[in-house]
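Enquirer: Provided below for reference: sequence and predicted model.
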Amino acid sequence: MSWSGIDAIDGAIKRTKKALIEPFNFWKWVKLGIIVFLIGGGSRVSSSNPVSFSGPYRGEQIPVPTMDEVISQVTRFWQEYFTIILVVAVFILFLILLFSYISSVMEFVLVESLVTDVVTFWASSRKYLRIGFNLFIIRLGVGLFLLSLLILFMLPVLKLITGSPGIILAEMIFGIILRVIVILLGLAVVNGITQSFINLSIPLAMYNDMGIVKAIKSVAGKAIADWKQIVMYWIIRILLGIAAGIAVGIAVFILILAILAILAIPAVVLYYIMSGIGAQALFWILMVLYGLIALIVFFLFILIVSVPVPVFMKYHMLTFLKMWHEDARIPFVEIGGQGEQLS
């Protein structure tokens, strides 16, 4: 049995090399980096002492507040700064929705850029404003649904916290953290599967003249009928993401050290020159200007190095979809300008 997820790797590598290296185009990399950045391609670790901790003075013991005290302090803070909190929350929500819409449009722009091998940022953006909005609404609905599930699953945890008016013990904290991790992992799996179906439906909607909802239904139906292929595809995607991330991460780390060293040499030379002539004020003015130039150079570098992995992963998805879904008509255009036959 042939696995489309594995077979698509070779085609994705060849298309990535042709799109990014053969020939190398600096501004093409920058524009792709901006698109990837707008699409939006960490974890937090926290710890706490169980009961009490040593204060700034030796031997001093500061008691851990009870849950009633914590709730009381939060309530007072909420009442005192309600207006400010509301304004900030509305502004943040607006920014989140705006960038989510832009991200949805950029998903179509990236697919078209890779399929045609021509990055037309503004023209493609205007072209996909409407269907990008439809994708935004779908993703918003999925996000609200998952948020509802999160709240539903978190209610027992919140009840456990609020139902313990005394001091919070380490055992209770560990149990709460464990439950939260299980809930978040479960929702992450559901979200990953859903987003996979949505991403596969984007090129299907673009090149098969269908709405995004119909495309999602087509992908889901195909996945149910051919579940072994889609499961293998998910496994391969995880392994490819880890391998590519490690390889690029090492290369980026080495390049960052090299760039920082290169940028530091002129600054050191400038320092010794200005120190020798006693122009300290001029030195700081020049350093500010040099710092701005270095910041721009570093930002362009980050944009460029962020391109290969997302481009390769997107090409893998497109190649897999073309192999796996019999109705997927993805008209790949090679560098020479010859388009592939529509399947």
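Expert: That came through fine. Numbering: from 1, shown residues only.

Enquirer: Pull out the buried residues from the host helix or strand of residue 300.
Expert: Element membership of residue 300, judged by DSSP states H and E, is helix 280-305. Using 16 or more other C-beta atoms under 10 Å as the test for burial, helix 280-305 gives 283, 286, 294, 303-305. Just so you know, the C-beta spots here come from the backbone N, C-alpha and C atoms, and that holds for glycine as well.

Enquirer: could you pull out the helices for the stretch 1-150 of the chain?
Expert: 4-20, 26-39, 67-80, 82-116, 121-127, 129-162 (DSSP state H, counting those that start in this stretch).

Enquirer: Can you give the distance from the shortest one to the centre of its chain?
Expert: By that I understand helix 121-127. Helix 121-127 has its C-alpha centroid displaced from the chain centroid by 22 Å (C-alpha atoms, centre = their mean, to the nearest Å).

Enquirer: And for the second one?
Expert: If you compare the mean C-alpha spot of helix 26-39 with that of the full chain, they lie 14 Å apart, counting by C-alpha atoms, centre = their mean.

Enquirer: Check which helices and strands that helix sits against.
Expert: helix 82-116, helix 121-127, helix 280-305, helix 308-324 (3 or more C-beta pairs under 8 Å, 6 or more residues apart in numbering; DSSP states H and E).

Enquirer: quick one: average pLDDT of the first one?
Expert: When pLDDT is averaged along helix 82-116, the result is 93.

Enquirer: got any ranges where the chain has weak pLDDT?
Expert: Along the chain, the model assigns pLDDT under 70 to residues 1, 41-71, 161-172, 278-280, 334-343.

Enquirer: Let's see that with 50 instead.
Expert: The chain contains residues with pLDDT under 50 at 42-60, 335-343.

Enquirer: Tell me which residue lies farthest from the centre of it.
Expert: residue 277 (49.0 Å; C-alpha atoms, centre = their mean).

Enquirer: Tell me how far that one lies from residue 283.
Expert: Going from residue 277 to residue 283 by C-beta to C-beta, to the nearest Å gives 9 Å.
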